[in-house]
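Participant: just coords:
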């Protein structure tokens, strides 16, 4: 275990990694015609995606709360931020090669990069982060109502603005994690992390169940796994597809 890390947070992030990997493998099987599943409309899959992204962002907020509690320097924060932002650009490039008509220009890594800055700058809000998170989540239905009332807001559906999430229709892209409502999940993670450090620090340090070490390891290497798992899975499915012909 790296100094200053908490197995509880790493394990929770590891659970999200495993869930995401299974989800993406099922998506790849459908994309290459091995199964017949609609990942864009079927609630079984769309709700899973929502849960997975929410868990990732919540864990990111927890991690920021722990980083601040440990006195993480701004330099270390920005070095990690540059890694995430750089990986987001790689995702855009890779998705453009595979999905040129629906490439990812503001997916989960792009969203995390922006949200980390916002959450870091608002960490001093303390308990108000719970309310801020709730309001961020409420923005989505409120934006839909606003569009219905004021058609001139349609410019928010343009690519230059839809990173905000104040849209009336989802853009054509394989992954879309705008600032709102997803910032709410990270704000809640920060709020929960601050509460744990102040009120229940023993929960962060508790011993995890036997056999959970692989999950904690995945949680510590989440960015690396995220960047590598899809190329590997897609390569395996492509190879199996070619061999089956």
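Facilitator: Cool, the structure landed. Just so we're clear, the structure is a prediction, and the values are computed from it rather than from any experiment.
Participant: quick one: list the elements packing against the helix or strand of the chain with the lowest mean pLDDT.
Facilitator: Within the chain, confidence by mean pLDDT, DSSP states H and E is lowest for helix 201-205 among all helices and strands, at a mean of 90. With contacts taken as 3 or more CB pairs under 8 Å, 6 or more residues apart in numbering; DSSP states H and E, helix 201-205 sits against helix 7-31, helix 179-199. Backbone N, C-alpha and C define where each C-beta goes, glycine included.
Participant: other SSEs contacting the first one?
Facilitator: This points to helix 7-31. Identification of packing neighbours for helix 7-31 by 3+ CB pairs under 8 Å, 6+ apart yields helix 43-69, helix 201-205, helix 213-220, helix 222-244.
Participant: chain center to that helix, what's the gap?
Facilitator: Relative to the chain's own centre, helix 7-31 is displaced by 11 Å; criterion: CA atoms, centre = their mean, to the nearest Å.
Participant: by how many degrees do that helix and helix 179-199 diverge?
Facilitator: 150 degrees (axes from the mean of the first three to the mean of the last three CA atoms, to 10 degrees).
Participant: redo the helices and strands packed on helix 201-205 as JSON lines? Include mean neighbour count, mean pLDDT and distance to residue 51.
Facilitator: Shown next, in JSON lines, are these (neighbours: other CB atoms under 10 Å; pLDDT from 0 to 100; distance: least, CB to CB, whole Å):
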{"stretch": "helix 7-31", "mean neighbour count": "19", "mean pLDDT": "95", "distance to residue 51": "8"}
{"stretch": "helix 179-199", "mean neighbour count": "22", "mean pLDDT": "97", "distance to residue 51": "10"}
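Participant: between these, which one is closest to residue 38.
Facilitator: The closest of those to residue 38 is helix 7-31. By CB to CB, the value is 8.0 Å.
Participant: can you pull the buried residues of the least confident helix or strand of the chain?
Facilitator: residue 204 (16 or more other CB atoms under 10 Å).
Participant: which residues are contacting it?
Facilitator: 6, 8, 9, 66, 196, 197 (CB atoms under 8 Å, 6 or more residues apart in numbering).
Participant: try 7 Å
Facilitator: Residues from elsewhere that reach helix 201-205 (CB atoms under 7 Å, 6 or more residues apart in numbering): 6, 8, 196.
Participant: isn't residue 171 right up against residue 161?
Facilitator: No - taking contacts as CB atoms under 7 Å, residue 171 lies outside contact range of residue 161: 10.4 Å.
Participant: end to end on stretch 158-177, go ahead and measure it.
Facilitator: With CA to CA, to the nearest Å as the measure, the first residue of stretch 158-177 is 15 Å from its last.
Participant: go on, stretch 150-163?
Facilitator: Note: stretch 150-163 ends 20 Å apart using CA to CA.
Participant: now do stretch 146-164
Facilitator: 14 Å.
Participant: please apply the same query to stretch 204-222.
Facilitator: With CA to CA, one end of stretch 204-222 sits 19 Å from the other.
Participant: quick one: distance of it to the chain centre.
Facilitator: Relative to its chain's centre, stretch 204-222 lies at 19 Å (CA atoms, centre = their mean).
Participant: any idea how far residue 173 is from the closest residue to residue 49 other than its chain neighbours?
Facilitator: Leaving out its chain neighbours, the residue that sits closest to residue 49 by CB to CB, 6 or more residues apart in numbering is residue 23, at 6.9 Å. Noted for residue 23: a distance of 17 Å to residue 173, by CB to CB, to the nearest Å.
Participant: before we move on, what about residue 103?
Facilitator: Counting by CB to CB - residue 103 and residue 173 are separated by 7 Å.
Participant: do residue 101 as well
Facilitator: Relative to residue 173, residue 101 is positioned 10 Å away (CB to CB).
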